[in-house]
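Q: my questions concern the predicted model and sequence given below.
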Amino acid sequence: MKNENLFLSIVVAIISIVIIWWALKAALFIGWAIGGGIGVLIAILFLFGLLDLGWLFGLLAFIILFNFIFDLF
């Protein structure tokens, strides 16, 4: 029973690492696309678990909207 729990924990950890890695790459790419260090900062914060996914997307949406409004003027 203990071996099964250990195996399950390892599988979950690997999946989590892969998901975090892809989220980090996406955040870095979006940050690079926006063209500032803000996206990189968000990616670093996300990596250290200071931001959850909701905050991440909310902040990215705000930055994109802000850039769009800023480009109009």
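A: Yes, it's here.

Q: what's the helix or strand hosting residue 10 packed up against?
A: Counting by DSSP states H and E, the element that carries residue 10 is helix 2-34. Contact analysis of helix 2-34 by 3 or more Cβ pairs under 8 Å, 6 or more residues apart in numbering; DSSP states H and E lists helix 37-47, helix 53-72 as its packing neighbours. (Glycine included, C-beta is placed from N, CA and C.)

Q: can you count the residues close to residue 61?
A: Counted by other Cβ atoms under 10 Å, the residues lying close to residue 61 total 10.

Q: what does the one 5 residues further on give?
A: Using other Cβ under 10 Å, the number of residues around residue 66 comes to 12.

Q: from residue 23, how far off is it?
A: 22 Å (Cβ to Cβ, to the nearest Å).

Q: again, but for residue 8
A: For residue 8, the distance to residue 23 (Cβ to Cβ) stands at 22 Å.

Q: before we move on, what about residue 11?
A: Separation of residue 11 from residue 23 (Cβ to Cβ) stands at 19 Å.

Q: when those two are compared, which one has more neighbours?
A: Set side by side, residue 11 and residue 23 give different neighbour counts by other Cβ under 10 Å, the larger being at residue 23 (15 against 10).

Q: shaky segments in the chain?
A: For the chain, residues meeting the criterion pLDDT under 70 lie at 1-2, 31-58, 65, 68-73.

Q: go with 80
A: Low-confidence segments of the chain, defined by pLDDT under 80: 1-5, 17-73.

Q: quick one: neighbours of residue 63, just the number.
A: The local packing of residue 63 (other Cβ under 10 Å) involves 17 other residues.

Q: show me what contacts residue 25?
A: Shown here is residue 25, which makes no contacts under the criterion Cβ atoms under 8 Å, 6 or more residues apart in numbering.
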